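K.L.:
Provide a 3D model corresponding to the input given below.
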Amino acid sequence: MSGTSVSASERPRGAGRAPRGPGIALLTFSHVVDDFYQGAVPALLPFIAARGHFGYAAVAGLTFGATMSSSVAQPLFGMLADRYRMAWLVGAGMSTAALGIALSGTSQRYEFIWLALALAGLGIAAYHPESARIARIASRGSQSAMGYYHVGGNLGIALAPVVISPVVYGLGFGGLWILALPAWITALLLRPRRTEEQAAAARRGAADRPSDRRSFALMTVIVIVRSAVYYGLTTFLTLYVTGTLHGGRGFGEATLTALLFGGVVGTVLGGHLAGRFGRLRVLRVAYALCVPAVLTLAFANHELIIIAVIPVSLCLYVPFSIHTTLGQDYLPQRMGTAAGVTTGLTVSAGGLLAPAFGVLGDATSLRTVLLVLGVLPLLALAAAAMLREPTGATTR
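P.N.:
Numbering: from 1, shown residues only. You can find the predicted model right below:
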């Protein structure tokens, strides 16, 4: 993301030489693979709901299962990543996520499916903090390199509905085991190692910069709000298109795919805009535009909804990579913890609110849920207005 800010002293020595361990390209590919399983959860929900005859609240409960374990565990993994060398978590995390998704198709019992998706969430939690920290070192302080790393995650999420539908239609739920193979193969390719020189240089650069806990707390609020809107849409958008708008399941999956693929464009665009106009300005404008974009989605008809979802996707994803780099700059001495929150806990925390949205949808309608989701970005905008520029950070 061309919106990452780092100080010159934070760049590791030997920046002109290729770093040992996985490069940014391999880390980006691993991010595609890992976050594919995160995107697989909402893509699987319509099939799981149809097979088990589950209501909106039950479907939202499955999202809760996938995100609860992730939300609780990711800050812990982040703190461990700051204290110990745990690069093996990158491969182990994605492998566990793949196992959870595969197991979710082996039973029709709600409790078993819930536990399987919770296992997938735990694997995703293990992957992100250490992966984001290694990526920041491998990028040598380049915002563009970090941007591509984040695009990898967005691409993986976007690919999920494209792949899940034909696999389940063609092979049934048993075909999910095939989708676990990319994670297990990629885990064998990853041998993430940091040299002591790189680790020491990163610590020296961070030690010169103070933490801004107030701004980090505000950033946490912003990403929780963004997560609530994101998970609300990914959980219920397909059901809204197929149920309220009476579209086919294929059209519903296409709408969800448009939302997720728009995120790839939004992340890249956000990095370039942040580099030109500043991260805080881009962050504030994005959330200001998010309100009318989501409200428009709630009133779009069957023919226009796949078009209306594009500005929603852009508004949600333009600030996405900015969250991570601002968070790391607000806590420069705890980059693993910052990543555990900005790309972990608060990215998945919105799933904890999904059951409440499900209850609201059962009691009223899914259009009401979309209207509520359209108002929530006002909270993110208010928090963004109080953010300060990180001390000692320069933009590359």
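K.L.:
What residues does Thr343 make contact with?
P.N.:
128-129, 132, 153, 323-324 (Cβ atoms under 8 Å, 6 or more residues apart in numbering). For the C-beta atoms, the positions are set from N, CA and C on the backbone; glycine is no exception.
K.L.:
Give me the buried stretch members for stretch 376-386, please.
P.N.:
376-377, 379-381, 383-384 (16 or more other Cβ atoms under 10 Å).
K.L.:
Just send these back as CSV, with secondary structure too.
P.N.:
Converted to CSV, those look like this (DSSP: H, G, I helix; E, B strand; the rest coil):
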residue, secondary structure
Leu376, coil
Pro377, helix
Leu379, helix
Ala380, helix
Leu381, helix
Ala383, helix
Ala384, helix
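K.L.:
out of those residues, which one sits closest to Gly278?
P.N.:
Gly278 lies nearest to Ala384 out of the buried residues of stretch 376-386, by Cβ to Cβ, at 12.2 Å.
K.L.:
That closest one and Leu283 touch, don't they?
P.N.:
Yes. The pair Ala384 / Leu283 is scored as a contact, 5.0 Å apart, by Cβ atoms under 8 Å.
K.L.:
Name all residues that sit in contact with these two at the same time.
P.N.:
Joint contacts of Ala384 and Leu283 (Cβ under 8 Å, 6+ apart) are Ile222.
K.L.:
Now do Leu62, the pLDDT please.
P.N.:
pLDDT, Leu62: 88.
K.L.:
burial count for it?
P.N.:
Close neighbours of Leu62, defined as other Cβ atoms under 10 Å, add up to 29.
K.L.:
In a markdown table: the contacts of Thr343, plus distance to Val359, neighbour count and pLDDT.
P.N.:
Formatted as a markdown table, those follow (distance: Cβ to Cβ, whole Å; neighbours: other Cβ atoms under 10 Å; pLDDT from 0 to 100):
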| residue | distance to Val359 | neighbour count | pLDDT |
| --- | --- | --- | --- |
| His128 | 29 | 32 | 86 |
| Pro129 | 32 | 34 | 83 |
| Ala132 | 34 | 30 | 81 |
| Gly153 | 30 | 30 | 87 |
| His323 | 28 | 26 | 89 |
| Thr324 | 32 | 30 | 83 |
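K.L.:
can you tell me which two in these are farthest apart?
P.N.:
Across these, no pair lies farther apart than Pro129 and His323, at 14.1 Å, counting by Cβ to Cβ.
K.L.:
so what's Ala92 up against?
P.N.:
Residues in contact with Ala92 (Cβ under 8 Å, 6+ apart) are 123, 126, 187.
K.L.:
Please report the distance of it from Thr186.
P.N.:
Ala92 is 12 Å from Thr186, where distance means Cβ to Cβ, to the nearest Å.
K.L.:
Equivalent analysis for Leu44, please.
P.N.:
21 Å.
K.L.:
Ok, Val268 next?
P.N.:
Per Cβ to Cβ, Val268 is found 23 Å from Thr186.
K.L.:
So what does the residue nearest to His150 when sequence neighbours are not counted look like in phi/psi?
P.N.:
Spatial nearest neighbour of His150, chain neighbours left out: Ser321 (4.3 Å); criterion: Cβ to Cβ, 6 or more residues apart in numbering. Main-chain torsions, Ser321, degrees, to the nearest 10: phi -70, psi -30.
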